[in-house]
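>>> pasting a predicted model and its sequence here:
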Amino acid sequence: MKEIVFVSGKGGTGKTSLMAAFTSLAKNPVVADCDVDAADLFLLLQPQQQQPHSFVGGKQAHIEADLCLREGICQQVCRFDAVRRETDGRYLIDPFRCEGCGVCAYFCIHGAIRLVADQAGVWFSSQTRFGPMVHAHLEPGRENSGKLVTIVRQEAQRICQEKGRELLLVDGPPGIGCPAIASLVGAGLALAVTEPTVAAVHDLQRLLELVRQLKVRIALLINKWDINPIITTELEALAESQKLPLVGRISYHPSFTHAQREGKTIVEYGGPVADEIRQAWLSIIHEVEANGPEH
């Protein structure tokens with residue numbers, strides 16, 4: 001099984017739009033949307049949800065009203081200001097502030113506080129017009145998204161093995177945090193999607209450092225290259241100096257937006273940019289196959 005993880009140093013580079021386009025070109029792929037904090041690949045792939053599963057991210061404190069004597073010790077010891085006192089004297093836990101540390105439960109001598117499992121989201125095993133897809137929905141303000149990324153990715157890998165699929169395409173989270181690390185560990189190829197802006201160049205350099213620490217091969221794709229040809233030249237020089245394969249340059253074109261409005265990938269919609277993406281896909285597959293089998 002070959003695994004390609006699409007990553008970016010920052011959001012807004014067009015990573016997910018390109019990922020969807022490459023999915024339409026791939027042969028019998030399995031898709032994983034690991035950008036669980038802002039999952040939107042479903043907008044283009046339109047999956048038919050088949051198997052929903054609850055995601056428990058951690059635990060949260062819960063006050064048993066019948067046991068609470070309203071002494072307020074819990075509010076005093078909570079460093080996250082997650083315990084609030086109502087006008088009627090009751091104490092409640094703010095679920096958006098609670099970190100599940102358990103300090104309030106430890107100091108409550110009446111045993112009125114217990115830690116309960118927190119359902120932080122849902123993940124799905126679905127079907128798209130291009131093949132199986134695993135994706136998730138994380139509730140607002142919930143944490144442990146790195147854990148959810150791992151679940152989504154491992155399930156997609158399992159489906160690949162079960163169905164005999166040879167290619168796994170992963171839409172990874174942007175940046176260099178825990179979710180991005182969870183999507184990259186052990187991957188066969190990281191495809192960094194960048195754009196010619198000052199912020200993107202800075203964040204790309206941080207991403208390259210992370211990927212090298214994880215010992216993952218990386219290739220570079222420049223999206224919207226023509227909005228700033230000068231910085232594009234800098235990116236190309238960066239790729240050459242660090243011996244990064246440059247698999248393509250994709251032009252900026254309004255057809256991307258037109259395709260998204262119709263719920264299509266840019267390849268399905270057509271146009272000159274679609275031809276650039278087809279050429280880039282051939283280069284990506286060449287990079288994948290150049291290193292032999294992976295899983």
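Great, that's in hand. Residues are numbered from 1 along each chain as shown.
>>> helices of the stretch 1-150 of the chain, start to end?
15-25, 42-45, 73-77, 103-107, 145-163 (DSSP state H, counting those that start in this stretch).
>>> reformat these as CSV; add mean pLDDT.
As requested, the helices of the stretch 1-150 of the chain are arranged in CSV below (pLDDT from 0 to 100):
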stretch, mean pLDDT
helix 15-25, 96
helix 42-45, 93
helix 73-77, 96
helix 103-107, 96
helix 145-163, 94
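>>> looking at the ones you listed, which is nearest to Y252?
Y252 sits nearest to helix 15-25 of all the helices of the stretch 1-150 of the chain, at 11.6 Å, using CB to CB. For every residue, glycine as well, the C-beta is placed using N, CA and C.
>>> output the lowest mean pLDDT helix or strand found in the protein.
The helix or strand of the chain with the lowest confidence, counting by mean pLDDT, DSSP states H and E, is strand 48-63 at a mean of 88.
>>> that one pairs with which strands?
strand 113-128 (antiparallel) (DSSP bridges).
>>> what about the partner strand, distance to the chain center?
16 Å (CA atoms, centre = their mean, to the nearest Å).
>>> hmm, back to that, just name the most buried of the helices of the stretch 1-150 of the chain.
helix 15-25 (a mean of 24; mean count of other CB atoms under 10 Å).
>>> got the domain boundaries for this structure?
The record assigns the chain these domain ranges, following automatic domain parsing: 2-46+129-289, 58-119.
>>> so how far does the longest one reach from one end to the other?
Using CA to CA, to the nearest Å, the span of domain 2-46+129-289 from its first residue to its last is 8 Å.
>>> where does the protein have low pLDDT?
291-295 (pLDDT under 70).
>>> ok, now which ones touch the one residue sitting closest to the centre of it?
Central residue of the chain (CA atoms, centre = their mean): D35, 1.7 Å from the mean position. D35 makes contact with T16, L41, D171, G172, P173, P174, P179, according to CB atoms under 8 Å, 6 or more residues apart in numbering.
>>> is the closest residue to the fifth one other than its chain neighbours within a helix or a strand, and which one?
Closest residue to P173 apart from its sequence neighbours, by CB to CB, 6 or more residues apart in numbering: P179 at 4.0 Å. Take DSSP states H and E as the rule and P179 turns out to sit in helix 178-184.
>>> helices and strands around that helix, which ones?
When contacts are defined as 3 or more CB pairs under 8 Å, 6 or more residues apart in numbering; DSSP states H and E, helix 178-184 packs onto strand 2-7, helix 145-163, helix 198-213.
>>> buried sites along the last one?
This points to helix 198-213. Going by neighbour count (16 or more other CB atoms under 10 Å), the buried part of helix 198-213 is A200, V201, D203, L204, L207, L208, L210, V211.
>>> again with the first one
Buried residues in strand 2-7, defined by neighbour count with 16+ other CB under 10 Å: K2, E3, I4, V5, F6, V7.
>>> which among the residues you listed gets closest to V30?
Within the buried residues of strand 2-7, proximity to V30 (CB to CB) peaks at E3, which comes in at 9.5 Å.
>>> my guess is the closest one meets G188, correct?
Yes: using CB atoms under 8 Å, E3 is in contact with G188, at 4.5 Å.
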